[in-house]
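Asks: Provided below are the primary sequence and the corresponding predicted coordinates.
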Amino acid sequence: MSLRTDSFWICNYLIMEDVDFSDAFCRFVQVHVPSVDEAEQLLAEYRSPDSARGPEWTRFQQSFRGAGLTEGEVERHLATLAQAYEERPVTLVRLIYALRDRSSRRGPGRAVHLQSAPRGGGA
């Protein structure tokens, strides 16, 4: 499966909650948010006034630009991340680690099999 298809299945199959995460948001999380700590750092920088943002914000912005994301796309993804963090933190944690675990299991040229995906369990 491709990254696009893989993240779609994780978002819609593993989480199994009434949360509407877009495929684009799931790809954003998979590529740019490898851990809950990273999500918290990103959100802290995002919520800070421009004048208070530090070198971590610059690093995030460089990563977003390197991935070809527009400012509008980044803003939408960060707003979704912030909302999920506040309203559905367990779901967000499960998403982050499910996507990260999927990425680390898949090597070059290896297919991803849904039946090997972790199921259930809380975070």
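Replies: Arrived safely. Everything numeric in this text was worked out from a predicted model, so none of it was measured. Numbering: from 1, shown residues only.

Asks: Quick one: low-confidence residue ranges for this protein.
Replies: Residues of the chain meeting the criterion pLDDT under 70: 1-20, 103-123.

Asks: quick one: the helices in the protein?
Replies: 3-9, 23-32, 36-47, 55-66, 71-87, 89-105 (DSSP state H).

Asks: tell me the angle the second one makes with helix 36-47.
Replies: Right, the one you point to is helix 23-32. Angle, helix 23-32 to helix 36-47, by axes from the mean of the first three to the mean of the last three CA atoms, to 10 degrees: 110 degrees.

Asks: who does helix 23-32 touch, helix- and strand-wise?
Replies: Helix 23-32 makes packing contacts with helix 3-9, helix 55-66, helix 71-87, helix 89-105 when contacts are defined by 3 or more CB pairs under 8 Å, 6 or more residues apart in numbering; DSSP states H and E. For glycine as for every other residue, the C-beta is placed from the backbone atoms N, C-alpha and C.

Asks: Would you check how far apart A52 and A44 are?
Replies: 10 Å (CB to CB, to the nearest Å).

Asks: okay, these two: which has more neighbours?
Replies: With neighbours defined as other CB atoms under 10 Å, A52 and A44 compare such that A44 has more, 14 against 10.

Asks: Look up how far L81 lies from that one.
Replies: From A44 to L81 the distance is 12 Å (CB to CB).

Asks: before we move on, what about R59?
Replies: To L81, R59 is 16 Å away according to CB to CB.

Asks: higher neighbour count, these two?
Replies: L81 (22 against 13).

Asks: Quick check: that one touching V29?
Replies: Yes: applying CB atoms under 8 Å, one finds L81 in contact with V29, separated by 7.3 Å.

Asks: Of all the helices and strands packed on helix 23-32, which one comes closest to E40?
Replies: Between E40 and these, the tightest spacing by CB to CB is seen for helix 71-87, at 7.9 Å.
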